[in-house]
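J.: Requesting a structural model of the entry that follows:
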Amino acid sequence: MEATEYIPKKHFELWYEIFKLSNGRSLSNPLEGKDDVYVHYYFDDVQDANRLNHSFDSLTKPIVETKCSFWKRLKVKLGL
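T.: Below you'll find the model as predicted:
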């Protein structure tokens, strides 16, 4: 599977470390742009590529805190 992506500069080092551990091969040198880095890579197995994308997304996705309503907290406390 061959792919190209634009990785934000601030996350490129993290992406590259994950890429090295995921059995991928780079087809060209990364090209640095103004705000992002263009990468062109290849994987023999699609599962490895999916693992790379999942790992990278889970590490860079912002954490969103949600609050439960009073009634939901009460139901949990009462075991309902």
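J.: where does the closest residue to residue 4 other than its chain neighbours fall, helix, sheet strand or coil?
T.: Closest residue to residue 4 apart from its sequence neighbours, by Cβ to Cβ, 6 or more residues apart in numbering: residue 40 at 4.8 Å. In this view, the C-beta of every residue, glycine as well, is placed from N, C-alpha and C. Under the three-state scheme (DSSP: H, G, I helix; E, B strand; the rest coil), residue 40 adopts strand.
J.: Could you measure from residue 40 over to residue 69?
T.: 48 Å (Cβ to Cβ, to the nearest Å).
J.: Over to residue 23?
T.: 46 Å.
J.: So which of these two has more stuff around it?
T.: Neighbour count, other Cβ atoms under 10 Å: between residue 23 and residue 69, residue 23 has more, with 14 against 8.
J.: Read off the pLDDT value for the residue nearest to residue 4.
T.: At residue 40, the model reports a pLDDT of 96.
J.: and it, what is it in contact with?
T.: 2-4, 26-28 (Cβ atoms under 8 Å, 6 or more residues apart in numbering).
J.: Run the chain-centre distance for stretch 6-13.
T.: Centre-to-centre, stretch 6-13 and its host chain are 11 Å apart (Cα atoms, centre = their mean, to the nearest Å).
J.: List of residues touching that stretch?
T.: 15, 30, 32-33, 35-39, 56, 60.
J.: How about stretch 59-68?
T.: 11, 14, 18, 76.
J.: Now for these, which sits with the most neighbours around it?
T.: residue 18 (17 neighbours).
J.: nearest to residue 51, of the contacts of stretch 59-68?
T.: Taking Cβ to Cβ as the measure, residue 51 sits nearest to residue 18 out of the contacts of stretch 59-68, at 8.8 Å.
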